[in-house]
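1. fold the following for me, if possible:
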Amino acid sequence: MKILAIEFSSDHRSVAVLDGERLLAEQTVTEGRDTAAVQLIESALGQAEVGRSEIECIAVGIGPGSYTGIRAALALTQGWQLALGVKVLGVDSLEALARGEQAAGRRGEITLAVDAQRGEFYLARFELSEEGIRNVEATRLAKRVEYESLLAVGHPVIGPGLVDKFPAAGHVGRLAAGRRDFVEASQLEPIYLRQVDFVKAPPLRKIPPV
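-> Okay, the predicted model is just below:
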């Protein structure tokens, strides 16, 4: 199955083309919000010598991370599915980062972190072994004090913006290659664990005529 993988959850935005788990091409830019997404996709397809119509599945990183970047990736995915009817999968971006670390040779337990602003961090824990990765603790929101306590005791903590480690589209695609739980692109949502916080505006006051 030919897969187009899109990972825009950090400032290092990437696109990859895979045939199953075999990586055919990968393009990465560091412009963040200034990413020319369509040109990046076309460049990766050209490098892989794969036409748009040959793509059977789009795998997209759904965060946590840059809400704007993830939304842009989802919009591209939705448009592609509407136009060409491709299969779609959403992939946890921190799981993709863990897969990348495992492939690079890291072993043991590690915490992955993303700055969620407002004094909070997204945290997830994985066990990396020769056989693969295992999610020990699902992605959750934590206060800064917990994040800092992990650093204080020397627990390995990495993540976008913390050290030079970023989820890559190639690993998003490899995680998707073994899955068949396809979804409608319109159903995909970014991983955003905060409750919606808003105050409903009061009704307009009726002002009597003068």
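
2. could you use CA atoms for every contact and neighbour count after this?
-> Noted.

3. which strands or helices does the helix or strand harbouring His171 pack on?
-> Taking DSSP states H and E as the criterion, His171 maps to helix 169-177. Here helix 169-177 touches strand 2-7, strand 13-19, strand 22-29, strand 57-61, strand 87-91, helix 93-103, going by 3 or more Cα pairs under 8 Å, 6 or more residues apart in numbering; DSSP states H and E.

4. quick one: buried residues of the biggest helix by length in the chain?
-> When the chain is parsed with DSSP state H, its longest helix is helix 67-84. Residues of helix 67-84 classed as buried: Tyr67, Gly69, Ile70, Arg71, Ala72, Ala73, Leu74, Leu76, Thr77, Gln78, Trp80, Gln81 (neighbour count, 16 or more other Cα atoms under 10 Å).

5. in this structure the third one contacts Ile62, no?
-> Yes - at 6.0 Å, Ile70 and Ile62 qualify as touching, with contact defined as Cα atoms under 8 Å.

6. low-confidence ranges in this structure?
-> For the chain, the stretches with pLDDT under 70 are 193-210.

7. circling back: and for Ile70 and Ile62, which residues touch both?
-> Glu7, Ser9, Pro190 (Cα atoms under 8 Å, 6 or more residues apart in numbering).

8. and the first one, how far is that from Val183?
-> So the one you mean is Glu7. 17 Å (Cα to Cα, to the nearest Å).

9. out of the two, which sits in the more crowded spot?
-> Between Glu7 and Val183, Glu7 has the larger neighbour count (other Cα atoms under 10 Å), namely 33 against 12.

10. now do the contacts for that one.
-> 13-15, 60-62, 70, 73, 93, 167-169, 172.

11. equivalent analysis for Phe121, please.
-> Ala113, Val114, Asp115, Leu141, Ala142, Lys143, Arg144, Tyr147.

12. next step: these restricted to helices.
-> Arg144, Tyr147.

13. any of the contacts of Phe121 buried? List them.
-> By 16+ other Cα under 10 Å, the contacts of Phe121 give Ala113, Val114, Asp115, Leu141, Ala142, Arg144, Tyr147 as buried.

14. ok, back up a step: nearest to Gly154, of the helices and strands packed on helix 169-177?
-> Gly154 sits nearest to helix 93-103 of all these, at 18.0 Å, using Cα to Cα.

15. so how far is that closest one off the chain centroid?
-> 11 Å (Cα atoms, centre = their mean, to the nearest Å).

16. what do you get for stretch 113-130?
-> Centroid displacement of stretch 113-130 relative to its chain, using Cα atoms, centre = their mean, is 13 Å.

17. could you dump it to CSV, C-alpha only?
-> Output of stretch 113-130 as CSV, limited to C-alpha atoms (Å, rounded to 0.1, in the frame of the first residue of the first chain):
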residue,chain,number,x,y,z
ALA,A,113,6.9,15.9,26.4
VAL,A,114,5.4,18.8,24.5
ASP,A,115,5.0,22.3,26.0
ALA,A,116,1.2,22.9,26.1
GLN,A,117,1.6,26.5,27.3
ARG,A,118,-0.3,27.9,30.4
GLY,A,119,2.3,26.2,32.6
GLU,A,120,1.4,22.7,31.4
PHE,A,121,3.0,19.9,29.4
TYR,A,122,1.6,17.0,27.3
LEU,A,123,3.4,13.9,28.7
ALA,A,124,3.5,10.3,27.4
ARG,A,125,5.7,7.4,28.5
PHE,A,126,7.0,4.6,26.3
GLU,A,127,9.2,1.5,26.8
LEU,A,128,11.6,1.1,23.9
SER,A,129,13.0,-2.4,23.2
GLU,A,130,14.4,-4.5,20.4
